[in-house]
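S.K.: Pasting the sequence and the predicted coordinates here, then a few questions.
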Amino acid sequence: MIEVDNLTVTYGAFTAVDDVTFTAAAGRVTGFLGPNGAGKSTTMRVMTGLTRASTGHALIDGRRFADLPNPGREVGVLLDASAQHAGRTGREILTIAQRTMRLPSNRVDEMLDLVSLTGAESERRVRNYSLGMRQRLGIATALLGRPQSLILDEPANGLDPAGIRWMRDLLRGFADQGGTVLLSSHLLHEIEAIADDIVVIGNGRIVAQGTKRELLESAGTLVRSTDPVVLTAALRDAGHTAQAAGGTASTDALRTDASTDVVGRVALAAGVALTELRAAEGAGLEEMFLELTAETQREGAAA
């Protein structure tokens with residue numbers, strides 16, 4: 001289990017992480033989402049002892065990362081696949097980690113097989129690896145010590161579709177065997193496909209958290225009509241929220257907290273024909289993410 005409690009990180013007058021609290025539970029995959037600069041990486045760096053918290057703490061199975069006697073055997077970490085020593089071979093990097101963790105030497109070959117790096121590839125210098133190969137090597141290093149927790153920042157970056165599917169199955173299996181997975185990714189479809197729980201951060205603060213089902217069910221109702229302006233006014237007059245639905249290509253899409261049957265009755269009374277009416281959870285994680293973080297996205301800020 002990974003616990004983050006009232007975590008704040010400041011750099012002078014700038015607050016990168018602001019009173020963040022959440023838990024990544026054992027046996028579950030927790031998706032950690034947010035726009036660039038939202039505080040995801042800083043939070044994960046505190047978890048792994050690379051950045052000092054100003055206040056609060058992050059614990060792995062009840063202990064700080066710095067207090068773990070052999071960290072690699074407790075928690076596997078992949079924060080930046082490009083940070084590996086470019087002049088060493090993949091096998092050398094795994095061997096150094098294996099010796100540091102005091103593991104049997106055959107563990108290196110086991111991990112190379114697991115992540116599908118061939119013998120020839122393992123003898124190549126990392127500078128000659130593709131990003132996808134570096135990601136596989138990073139995942140091998142994270143899993144080398146048979147940890148109970150994984151902290152992974154953008155592990156699918158650079159992987160092809162088959163590699164992404166492989167990684168998804170790997171992490172799902174790890175969690176199903178009781179492990180804790182905290183996964184940051186900008187590939188929202190992949191988070192939606194694998195995550196049990198979701199934590200959304202924006203401007204350094206948690207803006208939403210809960211199970212994937214809870215968050216998507218709270219999305220309300222998605223409706224399209226021949227006259228969204230009239231329908232918006234009618235829904236608001238009836239005491240319901242109504243706003244343009246983020247993350248959709250259509251300009252006539254509305255999001256409301258009213259149920260589908262209520263929307264149907266309001267539209268009928270207003271004389272507005274509906275072209276689509278469904279629970280908004282079907283719109284998926286991307287729409288929810290864009291709406292929750294609209295004020296913190298670089299593109300939105302520029303606009």
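M.R.: In hand now; what should we look at?
S.K.: contacts, neighbours, all on C-alpha from now
M.R.: Will do.
S.K.: Next, the residues that contact stretch 81-100 from outside, please.
M.R.: Taking C-alpha atoms under 8 Å, 6 or more residues apart in numbering as the criterion, the residues outside stretch 81-100 that touch it are 104-105, 107-108, 121-127, 131, 134-135, 137-138, 140-141, 144-145, 155.
S.K.: Can you list the buried residues in whichever strand or helix holds residue 181?
M.R.: Taking DSSP states H and E as the definition, residue 181 sits inside strand 180-184. Residues of strand 180-184 classed as buried under the neighbour-count rule (16 or more other C-alpha atoms under 10 Å) are 180, 181, 182, 183, 184.
S.K.: so which pair among the residues you listed is furthest apart in space?
M.R.: With distances taken as C-alpha to C-alpha, the most widely separated pair in the buried residues of strand 180-184 is 180 and 184, at 13.4 Å.
S.K.: Give me the common contacts of those two.
M.R.: Listed as contacting both residue 180 and residue 184 by C-alpha under 8 Å, 6+ apart is no residue at all.
S.K.: Just the mean pLDDT for stretch 53-60, thanks.
M.R.: Confidence for stretch 53-60, expressed as mean pLDDT, is 96.
S.K.: Format the CA atom coordinates belonging to that stretch as CSV.
M.R.: Written as CSV, here are the backbone C-alpha positions of stretch 53-60 (Å, rounded to 0.1, in the frame of the first residue of the first chain):
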residue,chain,number,x,y,z
ALA,A,53,8.4,17.2,1.2
SER,A,54,7.8,20.6,2.8
THR,A,55,5.0,19.1,4.9
GLY,A,56,3.2,15.8,5.1
HIS,A,57,4.7,12.5,4.0
ALA,A,58,4.5,9.6,1.6
LEU,A,59,4.7,6.0,2.9
ILE,A,60,5.2,2.6,1.3
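S.K.: hmm, who's touching it?
M.R.: Outside of stretch 53-60, the residues that reach it under the criterion C-alpha under 8 Å, 6+ apart are 1-10, 19, 46-47, 64-65, 75, 149.
S.K.: switch to 6 Å and redo it
M.R.: Contacts to stretch 53-60, defined as C-alpha atoms under 6 Å, 6 or more residues apart in numbering, come from residues 1, 2, 3, 4, 5, 6, 7, 8, 9, 47.
S.K.: Note down every partner strand of the strand holding residue 181 and its orientation.
M.R.: When pairing is defined by DSSP bridges, strand 180-184 lines up against strand 29-33 (parallel), strand 149-153 (parallel).
S.K.: Report the buried residues of the longest helix anywhere in the chain.
M.R.: Ranked by residue count, the top helix of the chain under DSSP state H comes out as helix 161-176. Within helix 161-176, the residues that count as buried by 16+ other C-alpha under 10 Å are 163, 164, 167, 168, 171, 172, 174, 175.
S.K.: Please render the residues you listed as TSV that adds distance to residue 31 and pLDDT to the earlier fields.
M.R.: Shown next, in TSV, are the buried residues of helix 161-176 (distance: C-alpha to C-alpha, whole Å; pLDDT from 0 to 100):
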residue	distance to residue 31	pLDDT
163	19	89
164	15	89
167	14	90
168	12	91
171	12	94
172	12	94
174	15	96
175	13	96
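S.K.: of all those, which two lie farthest apart?
M.R.: Longest span within those, C-alpha to C-alpha: 163 and 175, 18.4 Å.
S.K.: where does the chain have low pLDDT?
M.R.: When the per-residue scores of the chain are filtered using pLDDT under 70, the ranges that remain are 217-219, 246-251, 281-288, 290-303.
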